[in-house]
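# What follows is a predicted protein model with its sequence.
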Amino acid sequence: MNERVRAELTEFLEGLKHEGLFKEERVIESAQGRQITVSGRPVLNFCANNYLGLSGDRRIVEAAQRAMDRWGFGLSSVRFICGTQAVHKELEAAISSFLRTEDTILFSSCYDANAALFEPLLGEEDTIISDELNHASIIDGIRLSKARRLRYRHSDMGALEACLAESGESRRRLIATDGVFSMDGDVAKLKEICALAERYDALVAVDDSHATGYLGETGRGSVELCGVEGRVDLITTTFGKACGGASGGCISGRRLLVDLYRQRARPYLFSNTLAPAICGGTLEVLRILEADDQLRKRTMENANLFRSLMISAGFDIIAAETAIVAVMVYDEAKAVELATRLLDEGIYVIGFSYPVVAKGKARIRVQLSASHTQEDIVRAVEAFKTVGRAMGLLS
Ligand SMILES: *Cc1c(COP(=O)(O)O)cnc(C)c1O
């Protein structure tokens, strides 16, 4: 390897370690679930996006196995050459029915769905208006388009309106937002956003990755929670979180737009089709969600219980109405230490720091699942209290 590059990169990575910003991967020695095995020890897991507890559910595993038996392991093709099976069309129809949209197009991830979202629809004459806390995949998707970009302060509707006014000369305008913001856990103000979009003649795209399956009266996400069904033009979401947690994503929305993506979306045209086992497993998730709303109710009961116990204990919690609870620590190194010491107590959580969140805004993101028991939650809060006191985080 080139010596100069080696020296530069070594210094960069050592610097990260020095600042407490170096991310270590912990290897899990079991299936994903409420309790997992880490370093040979069982720990309670509070950092998966496994909101409905379906990641290890036998019904999903068996549905995926049946799909693999019937449709094979893979297709060795993109969709438009020879990568479309009946199971792909069935999944697209099931998602449209679940999200109550006109049509859906699958991608191998929501990252890819967001990479596809902007470029075919918005060019040099157009403007994309984006919340400053949008997920990295939205930011990267926007970069792939030649459209003008405007960014507004997080959930600041005055700032959004100023951007809309500023884009007055554009041919098309699109507002892009997360439905649930992954690091703070708060919900976008979709009612206000849709009203502004209608007033200023803009399209609306919502990434509901952290909401689809458990948020809203029947689990249809932030769009349902905010009562804006039919007013959002495009929804992107993942199957890699609440909906079984394997992988895969989609764009769902107006049929005309989905037609455009089938012709022009580059991650769809130039990347392999979704594996049949994932289609089969995800179809089973949707069947379970249509038949039974106990799971999503339990997710929210658990989240509300954890949130209220942590607030009573004196922790600094970001206000939100989702299963993401951000426990603010601010200091990078302290967040890492808190997570490490919680793991010693048998509670698996992760400290998030720059560049995932802003500098000086380090936190522990706790994620609740339908699979947690009340005792699990009480145990986690007690561990937070013990370690929080020992570290001087609680007065
Ligand atoms: C997780 C997430 C993604 C990425 O989803 P993948 O399917 O894992 O690529 C995209 N957008 C948001 C808001 C997310 O939270």
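Thanks, I have it.
# Is there a neighbour count for the closest residue in space to residue 237 that isn't next to it in sequence? I'd like the number.
Nearest non-adjacent residue to residue 237, counting by C-beta to C-beta, 6 or more residues apart in numbering: residue 212, 4.3 Å away. Heads up, the C-betas are built off the backbone N, CA and C, glycines and all. By other C-beta atoms under 10 Å, 34 other residues sit near residue 212.
# Could you pull up phi and psi at residue 4?
phi -70, psi -40 (degrees, to the nearest 10).
# related to what we said a few turns ago, what distance do you get for the residue nearest to residue 237 to residue 382?
32 Å (C-beta to C-beta, to the nearest Å).
# Over to residue 37?
Relative to residue 382, residue 37 is positioned 22 Å away (criterion: C-beta to C-beta).
# likewise residue 355?
Distance of residue 355 to residue 382, computed by C-beta to C-beta: 32 Å.
# the more surrounded of the two?
When residue 355 and residue 382 are compared for neighbours, residue 382 comes out ahead with 14 against 8, by other C-beta under 10 Å.
# Which SSE is immediately downstream of the helix or strand containing residue 160?
Assignment of secondary structure by DSSP states H and E places residue 160 within helix 157-166. Going down the chain from helix 157-166, the next helix or strand is strand 173-178, by DSSP H and E.
# Tell me which helix or strand comes right after that following strand.
helix 190-200.
# Spell out which parts of the stretch 101-250 of the chain neighbour the ligand.
When proximity is defined as C-beta under 6 Å from any ligand atom, the stretch 101-250 of the chain approaches the ligand at 109-111, 114, 135, 137, 178, 182, 207, 209-210, 238, 240, 249.
# Please list the members of the residues you listed that lie in strands.
Among these, the residues falling in strands (DSSP state E) are 178, 207, 238, 249.
# Most neighbours of all those residues, which one?
residue 207 (32 neighbours).
# So that residue sits against residue 135, correct?
Yes: Residue 207 is within contact range of residue 135, at 6.0 Å (criterion: C-beta atoms under 8 Å).
# Identify the contacts common to the two.
Jointly contacting residue 207 and residue 135 under the rule C-beta atoms under 8 Å, 6 or more residues apart in numbering are 114, 178.
# Contacts only, for residue 307.
317, 325.
# Give me the buried positions along the helix holding residue 160.
Neighbour counts over helix 157-166 (16 or more other C-beta atoms under 10 Å) mark 159-161, 163-164 as buried.
# so what secondary structure elements neighbour that helix?
Here helix 157-166 touches strand 127-131, strand 148-152, strand 173-178, helix 190-200, going by 3 or more C-beta pairs under 8 Å, 6 or more residues apart in numbering; DSSP states H and E.
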